[in-house]
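S.K.: Curious how this folds, go ahead:
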Amino acid sequence: MLNQYHRFMSGTRYVVPALFLLLILIQVLDIHSTLSASAGHYEANKVIHWLSEQVGFTVAVCIVKACSSLVLLFLYRVWRLSNGFHDCEFSISLGLIFIVYGVVVTNNYLS
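M.R.: The predicted structure follows:
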């Protein structure tokens, strides 16, 4: 059983790095979709809403997305240190995050 698991995971060596790249890309799409949303669109993220009162909406969105990207870079570093031992867990977690962000970005573009 363990041998089959290792054989399966060795075939998915590039899944985790691809998911990290997709998540960075979707951060950029989230910035674009948020900033290009129609005038009647309301920002649901309370952190962006509060921060926009301090520094302006565009800067607030960029700051929050930069922080999100830094978290992704930190997670990438943690993944690299794991030497592929937790590829399955990273694949599932990053895949779920990608799906959620995909729904958010799609909603932004459709509103």
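
S.K.: Who are the packing partners of the host helix or strand of Ile92?
M.R.: Element membership of Ile92, judged by DSSP states H and E, is helix 87-110. With contacts defined as 3 or more C-beta pairs under 8 Å, 6 or more residues apart in numbering; DSSP states H and E, the packing partners of helix 87-110 are helix 15-35. Using the backbone N, CA and C atoms, a C-beta is placed for each residue, glycine as well.

S.K.: C-terminal to the helix it packs on, what's the next element?
M.R.: Criterion used, DSSP H and E; the element after helix 15-35 is helix 46-55.

S.K.: Just the residues contacting that next one, thanks.
M.R.: Glu43, Phe57, Val59, Ala60, Val61, Ile63, Val64 (C-beta atoms under 8 Å, 6 or more residues apart in numbering).

S.K.: Can I get the helix holding Ile92 in PDB, CA atoms only?
M.R.: Output of helix 87-110 as PDB, limited to C-alpha atoms (Å, rounded to 0.1, in the frame of the first residue of the first chain):
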ATOM      1  CA  ASP A  87       2.800  16.700  -1.500                       C
ATOM      2  CA  CYS A  88      -0.700  15.100  -1.100                       C
ATOM      3  CA  GLU A  89      -1.600  17.500   1.700                       C
ATOM      4  CA  PHE A  90      -0.300  20.500  -0.100                       C
ATOM      5  CA  SER A  91      -2.000  19.400  -3.300                       C
ATOM      6  CA  ILE A  92      -5.400  19.100  -1.600                       C
ATOM      7  CA  SER A  93      -5.100  22.300   0.400                       C
ATOM      8  CA  LEU A  94      -3.800  24.400  -2.500                       C
ATOM      9  CA  GLY A  95      -6.400  23.000  -4.900                       C
ATOM     10  CA  LEU A  96      -9.200  24.000  -2.500                       C
ATOM     11  CA  ILE A  97      -7.800  27.500  -2.100                       C
ATOM     12  CA  PHE A  98      -7.500  27.700  -5.900                       C
ATOM     13  CA  ILE A  99     -11.200  26.700  -6.300                       C
ATOM     14  CA  VAL A 100     -12.300  29.300  -3.700                       C
ATOM     15  CA  TYR A 101     -10.300  32.100  -5.400                       C
ATOM     16  CA  GLY A 102     -11.500  31.000  -8.800                       C
ATOM     17  CA  VAL A 103     -15.100  31.400  -7.600                       C
ATOM     18  CA  VAL A 104     -14.300  34.800  -6.100                       C
ATOM     19  CA  VAL A 105     -12.600  36.100  -9.300                       C
ATOM     20  CA  THR A 106     -15.300  34.700 -11.500                       C
ATOM     21  CA  ASN A 107     -17.900  36.500  -9.300                       C
ATOM     22  CA  ASN A 108     -15.900  39.700  -9.500                       C
ATOM     23  CA  TYR A 109     -15.800  39.600 -13.300                       C
ATOM     24  CA  LEU A 110     -19.500  38.700 -13.600                       C
END
